[in-house]
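Peer 1: what follows is a predicted protein model with its sequence.
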Amino acid sequence: MNTTTFNRNVISPFQPQMKQPSNVIDIRDRNHPVHDEIRKLCSAKYSIQVNFEEDTATLSSFSHIPGLISILCKFTNPDGQIIAYGRSCAVFSRMNRYMERTISGAINGAFLSASNNAIKIFEALRMNESEQVDKPVQYEEADLATPKQKSYLLTLAEKLPSSEKERWQREINNSLLTRLEASDKISTLLNK
């Protein structure tokens, strides 16, 4: 029996072709609101100064470990205020005896630790910079507008003049409407 003709719709008999999950939101369209939010958040500019120093506090805490080196990395803003800091250690030993490699590893580890800590801080910095906090985009499937609501909205939009109709259709098709927003839009269209 020829298996290629028998399993024509299957990529491999051991790994069948996966179907697209129904709860995935398609955002490939460049006009989708998600891309506007990405552009907005990526356009923020930060000036950060990175400083490295020997971490004497850690060295004093681990004075019983011979060959220990410890590095402290600080991220500061232009005003000198600390945004985040990170620590890393390395040990000179028979297995790890190359000075530059050992110190470089500790410096890189401290930088990664400070970067990880700074990630948590940037959200607060963004909120301080913006005057108003936008409503967060919710992707809970239970909160999204039902297909019936969207269909009814599109039906109501058909009765509008062409310029308004196109705007409403774009808005309905390209946005992630919640059930509450869809209900509000239905009320608005019924009252027109």
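Peer 2: The structure has been received and is ready for your questions.
Peer 1: what helix or strand is Gly109 on?
Peer 2: helix 99-129 (DSSP states H and E).
Peer 1: what comes up buried for that helix?
Peer 2: Using 16 or more other CB atoms under 10 Å as the test for burial, helix 99-129 gives 102, 105-107, 109-111, 113-114, 117-118. All C-beta atoms are positioned from the backbone trio N, CA, C, and that covers glycine.
Peer 1: could you say which helix or strand holds Val34?
Peer 2: helix 33-42.
Peer 1: run the chain-centre distance for the helix or strand following that helix.
Peer 2: Next helix or strand after helix 33-42 toward the C-terminus (DSSP H and E): strand 49-54. With CA atoms, centre = their mean, to the nearest Å as the basis, strand 49-54 stands 27 Å off its chain's centre.
Peer 1: ok, the buried residues of helix 99-129 vs Glu166, which is closest?
Peer 2: Top of the list for closeness to Glu166, among those and by CB to CB, is Ala118 at 44.0 Å.
Peer 1: and that closest one, what pLDDT?
Peer 2: Here the pLDDT value assigned to Ala118 is 91.
Peer 1: how about it, nearest residue that isn't a chain neighbour?
Peer 2: In space, and not counting its chain neighbours, Ala118 is closest to Ala84: 3.8 Å by CB to CB, 6 or more residues apart in numbering.
Peer 1: count of residues packed around that neighbour?
Peer 2: A count of nearby residues for Ala84, using other CB atoms under 10 Å, gives 19.
Peer 1: can you tell me the helix or strand for it?
Peer 2: strand 82-91.
Peer 1: so how far is that strand from its chain's centroid?
Peer 2: 24 Å.
Peer 1: go on, stretch 43-56?
Peer 2: 22 Å.
Peer 1: state the mean pLDDT of that stretch.
Peer 2: Here the average pLDDT along stretch 43-56 is 89.
Peer 1: okay, which residue is most central for the protein?
Peer 2: Centroid-nearest residue in the chain, with CA atoms, centre = their mean: Ile38, separated by 8.9 Å.
Peer 1: please report the distance of that residue from Arg30.
Peer 2: Distance, Ile38 to Arg30, by CB to CB, to the nearest Å: 11 Å.
Peer 1: now Arg101
Peer 2: Relative to Arg30, and taking CB to CB, Arg101 is found at 45 Å.
Peer 1: ditto for Val91
Peer 2: On the measure of CB to CB, Val91 and Arg30 end up 51 Å apart.
Peer 1: who's more crowded, those two?
Peer 2: Neighbours per residue (other CB under 10 Å) separate Val91 from Arg30, with Val91 holding more: 15 against 7.
Peer 1: which residue is the nearest non-sequential neighbour of the more buried one?
Peer 2: Gly67 (4.9 Å).
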